[in-house]
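# One predicted model, sequence on top.
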Amino acid sequence: MNIEQAVTAAFAGLQLGSTFTLDDILNAVQNRRQRRLRIVELANLNTSDGICALWLVTDTGDYVLHAHSDSALHRQQFVLHEFAHMILGHDDADDCPAEDVLLPNIPPYTRGRLLKRQDIACETEIAAEFLADRLAAGIRGSVFAETRYSEVFG
């Protein structure tokens, strides 16, 4: 299955309809993974370091940690990208290998996720960004439907 087919199937599998909110996606991901999911902004995480967000899996749940941004849409995209990894089942994907000798004090899974995010040309990152864009469009659709923005401005 190619990336477009995988993303289309994953999006359809969420059964969110054509318009939805970030909370609707959060609930769908929690239900699918049968785990609690928390979103936390890290004030010290800086996008200039090349890390906008990361997904951590713990024994008690999932965490999306994201950098601060003055733009709500930018922050939302950080979070949606990490949600997309969860939706696409990238928790054990390994098409962007990380070296075990790097970051030795960080568990291997977390190390791999951090380094994979840096390689935006790998298939998992392309698919995650594609799905994040589709999710963002659905959220915008719900806002547009409520405000008739698209009817006024095209």
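Yep, that arrived. Numbers count the residues shown, from 1 in each chain.
# pLDDT of the host helix or strand of residue 5, averaged?
For residue 5, the host element (DSSP states H and E) is helix 3-14. Helix 3-14 comes out with an average pLDDT of 94.
# what's the following helix or strand after that helix?
Stepping forward along the backbone from helix 3-14, the first helix or strand reached (DSSP H and E) is helix 22-33.
# so how far is residue 55 from residue 38?
Distance, residue 38 to residue 55, using CB to CB, to the nearest Å: 11 Å. For the C-beta atoms, the positions are set from N, CA and C on the backbone; glycine is no exception.
# oh sorry, the question was meant for residue 27
Using CB to CB, one obtains 17 Å as the distance from residue 27 to residue 55.
# The two: who's more crowded?
residue 55 (24 against 14; other CB atoms under 10 Å).
# how near is the more buried one to residue 18?
Using CB to CB, residue 55 is found at 26 Å from residue 18.
# just residue 58 next, same as before
Taken as CB to CB, the span from residue 58 to residue 18 is 34 Å.
# quick one: secondary structure of residue 39?
The three-state label given to residue 39 by DSSP: H, G, I helix; E, B strand; the rest coil is strand.
# for it, which residues make a bridge with it?
Using DSSP bridges, the beta-bridge partners of residue 39 come out as residue 64.
# For it, give its distance to residue 48.
21 Å.
# Against which helices or strands is the longest helix seen in the chain packed?
Criterion DSSP state H: the longest helix present in the chain is helix 123-147. Identification of packing neighbours for helix 123-147 by 3 or more CB pairs under 8 Å, 6 or more residues apart in numbering; DSSP states H and E yields helix 3-14, helix 22-33, helix 72-87, helix 108-118.
# and the third one, what does it pack onto?
For helix 72-87, the elements it packs on are helix 3-14, helix 22-33, strand 37-42, strand 53-57, strand 62-67, helix 123-147, judged by 3+ CB pairs under 8 Å, 6+ apart.
# wait, which of the ones you listed is closest to residue 77?
Nearest to residue 77, of all the helices and strands packed on helix 72-87, is helix 123-147, at 6.1 Å by CB to CB.
# what's near enough to touch residue 77?
Residues counted as contacts of residue 77 (CB atoms under 8 Å, 6 or more residues apart in numbering) are 132, 136.
# How about residue 128?
Taking CB under 8 Å, 6+ apart, we find residue 128 in contact with 81, 82, 84, 85, 88, 90.
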